[in-house]
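Participant: I need the structure of the sequence given here:
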Amino acid sequence: MSEEATDRLDRRNFMIASIASAGASAALIAGAANAQEATAASADAEAGTAYTGDTIRGKKVVSALDVNDLEAGKRHLLYFQGVETPTGQHWYVSVTVAKGAKPGKRVVLTSGVHGDEMSSIHTVQTVMNQLDPVEMSGTVMAVTDVSRPALESMQRRWPNQGRGIDLIDMNREWPGNENGLTAANRHAGLLFNRLLRPNADVAIDFHTGTTGFEVSAFNIGEIGRPEVKAMLDLYPVGQILDMPKAAYPTVLHNAFLDAGIPAFAPEIGAARVLDPGMIELFVEGTMNVLKHHGIVAGPMGRTAEGMAVFVGNSGFPVIATAGGIVEHLVKLTDRVEPGQKLAVQRDSFGEVVAEYTSAVSGEVIGQRSDAMSEPGNPLVIVLFSKTMPDGAEIYPE
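Facilitator: Numbers count the residues shown, from 1 in each chain. Now for the predicted structure:
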């Protein structure tokens, strides 16, 4: 891997996947794209709510939803029928809709695209529990368990059974394809075409760090889009990753952008745990967004106004070169400079086997939370700004 390549990170995997098979896959990709276009057109033609006739724990099941069909001034709890499983059953997704008594904007909140992201789910649940549909204008729809199979075992990726066990990062599958080659891709297509896109004027897709790697409280969004920048400024968090859509077109919030829907992605600390302090910040910011769009009334809470918000467009990865226990010398959000020592690593005898420094000036946005590391694992991510080749760059998530 070249030095330039090591400056870049795969948004969730932290390792750039091989593109050696791109040529061999071209025909499949082209066919999938054509099928996706046909499926989307079909979904549009069949607009409206479709009930399957089933109920789960007293909640009706839908295979398509138009929130305009729901009774105003009420909270609605539904299940969406997702992709079919190998046994002929379905993965069902929980849908909560707060339908305001008066008309207004429609906001979609999603979480659980990765199965190990608990603080993101709790943030959305907390926002929804604060809403009173009788007092609202417009609609807020929450989908908190997008990647159900991954959530069942609290693991990051979707365990696909199609060709033996594959682990698929569902945040590389959007907008999906109802006729796609994997269950995760078909599930994404069903959700995006029949549930998410038709009911969104604005969308927020909530995440956390990955298992073994925690991140600070920050937002990912394009500050060059005025409607997105206005929402980012409503969060009382001190870091923004200004990631252009072209860098990762297959993540969910970028699929919304492609559909003409303003969207961004908050990142809320470590995976597999609840972080009450960070959750509070993002609940407050999200309520500010709902006030900004006139959905709920009341004064704004804390925002980014008066904060020294650090904005970067890239993440510099510090990668382990040895095995051993890692001792961090900096904390999340710390400002670092080139040459500054960030971590040391010791072997089983306690002897130092590696020392790690920053090559850029920026702020720490992520750190390995597992104390042990083997070579190749990211240890620290530094948020920084650089000129991006061809207007796009791969970055960390």
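
Participant: Now for Lys291: which residues touch it?
Facilitator: 297-298, 300 (CB atoms under 8 Å, 6 or more residues apart in numbering). Just so you know, the C-beta spots here come from the backbone N, C-alpha and C atoms, and that holds for glycine as well.

Participant: what about 10 Å?
Facilitator: Lys291 sits next to 234, 297-301 when contact means CB atoms under 10 Å, 6 or more residues apart in numbering.

Participant: ok, Met136 to Lys105 distance?
Facilitator: With distances taken as CB to CB, to the nearest Å, Met136 is found 10 Å from Lys105.

Participant: if I look at the two, which residues touch both of them?
Facilitator: 290, 294-295.

Participant: Name the member of the contacts of Lys291 with the most neighbours.
Facilitator: Leu234 (22 neighbours; other CB atoms under 10 Å).

Participant: Next, it: phi, psi?
Facilitator: Note on Leu234: its backbone torsions stand at phi -90, psi 0 [degrees, to the nearest 10].

Participant: check contacts around it.
Facilitator: 219, 284-292, 300-305.

Participant: Kindly recompute the last result at 7 Å.
Facilitator: Shown in contact with Leu234 (CB atoms under 7 Å, 6 or more residues apart in numbering): 285, 288-289, 292, 303.

Participant: Drop anything exposed from the shared contacts of Met136 and Lys105.
Facilitator: 290, 295 (16 or more other CB atoms under 10 Å).

Participant: Among the shared contacts of Met136 and Lys105, name the ones in helices.
Facilitator: Using DSSP state H, Leu290 are the members of these that sit in helices.

Participant: Need the shared contacts of Met136 and Lys105 in CSV (columns: distance to Gly176).
Facilitator: Output for the shared contacts of Met136 and Lys105, formatted as CSV (distance: CB to CB, whole Å):
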residue, distance to Gly176
Leu290, 27
Gly294, 31
Ile295, 27
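
Participant: Same list, the shared contacts of Met136 and Lys105, but as TSV with distance to Ala98 and pLDDT please.
Facilitator: Below are these laid out as TSV (distance: CB to CB, whole Å; pLDDT from 0 to 100):
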residue	distance to Ala98	pLDDT
Leu290	10	98
Gly294	14	98
Ile295	9	98
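
Participant: quick one: which of the shared contacts of Met136 and Lys105 is nearest Asn313?
Facilitator: Leu290 (28.0 Å; CB to CB).

Participant: That closest one reaches Met300, doesn't it?
Facilitator: No: in this structure Leu290 lies outside contact range of Met300 using CB atoms under 7 Å: 10.6 Å.

Participant: Can you list the residue ranges for helices in the protein?
Facilitator: 3-6, 22-45, 118-129, 148-152, 183-191, 226-232, 252-258, 276-292.

Participant: tell me the pLDDT at the residue of the chain positioned farthest from its centre?
Facilitator: Seen from the C-alpha centroid of the chain, the residue lying at the greatest distance (CA atoms, centre = their mean) is Phe349, 40.0 Å away. Listed pLDDT for Phe349 reads 97.

Participant: same check, this time on Glu337
Facilitator: So Glu337 comes in at 97 (pLDDT).

Participant: and the gap between it and Asn185?
Facilitator: From Glu337 to Asn185 the distance is 43 Å (CB to CB).

Participant: between the two, who's got more neighbours?
Facilitator: Counted by other CB under 10 Å, Glu337 and Asn185 do not tie: Asn185 has more neighbours, with 26 against 10.

Participant: just checking, that one touches Arg172?
Facilitator: No: contact criterion CB under 7 Å: Asn185 and Arg172 do not qualify, at 9.3 Å.

Participant: Tell me which residues touch the residue minimising distance to the centre of the chain, please.
Facilitator: Most central in the chain under CA atoms, centre = their mean is His207, positioned 4.3 Å from the mean C-alpha point. By CB under 7 Å, 6+ apart, the residues touching His207 are 113-114, 117, 120, 265-267, 397.

Participant: Just the terminal-to-terminal distance for stretch 208-221.
Facilitator: End-to-end span of stretch 208-221 (CA to CA, to the nearest Å): 15 Å.

Participant: Could you give the number of residues near the closest residue to Val228 other than its chain neighbours?
Facilitator: Once flanking residues are discounted, Val228 sits nearest to Gly221: 4.8 Å by CB to CB, 6 or more residues apart in numbering. Applying other CB under 10 Å, we find 25 residues neighbouring Gly221.

Participant: Please apply the same query to the one 10 residues further on.
Facilitator: The tally of other residues near Met231 (other CB under 10 Å) stands at 22.

Participant: so it sits right up against Phe264, yeah?
Facilitator: Yes: if you go by CB under 7 Å, Met231 and Phe264 touch, sitting 6.5 Å apart.

Participant: the strands in the stretch 251-397 of the chain, which residues?
Facilitator: Assigned by DSSP state E, counting those that start in this stretch, the strands in the stretch 251-397 of the chain fall at 263-268, 310-312, 314-319, 324-328, 335-336, 341-346, 352-357, 362-368, 372-373, 378-384.

Participant: Including mean neighbour count, could the ones you listed go into TSV?
Facilitator: Shown next, in TSV, are the strands of the stretch 251-397 of the chain (neighbours: other CB atoms under 10 Å):
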stretch	mean neighbour count
strand 263-268	28
strand 310-312	18
strand 314-319	23
strand 324-328	18
strand 335-336	18
strand 341-346	17
strand 352-357	15
strand 362-368	24
strand 372-373	18
strand 378-384	25
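
Participant: who touches Val289 in this structure?
Facilitator: Applying CB under 7 Å, 6+ apart to Val289 gives the contacts 231, 234.

Participant: Sorry, slip of the keys, the one I care about is Glu84.
Facilitator: Neighbouring residues of Glu84 by CB under 7 Å, 6+ apart: His90.

Participant: what separates it from Ala255, distance-wise?
Facilitator: 22 Å.

Participant: got any ranges where the stretch 151-300 of the chain has weak pLDDT?
Facilitator: In the prediction, the stretch 151-300 of the chain carries residues with pLDDT under 70 at positions 162-163.

Participant: Tell me, how many residues neighbour Gly88?
Facilitator: 6.

Participant: That one and Pro103: what is the separation?
Facilitator: Taken as CB to CB, the span from Gly88 to Pro103 is 40 Å.
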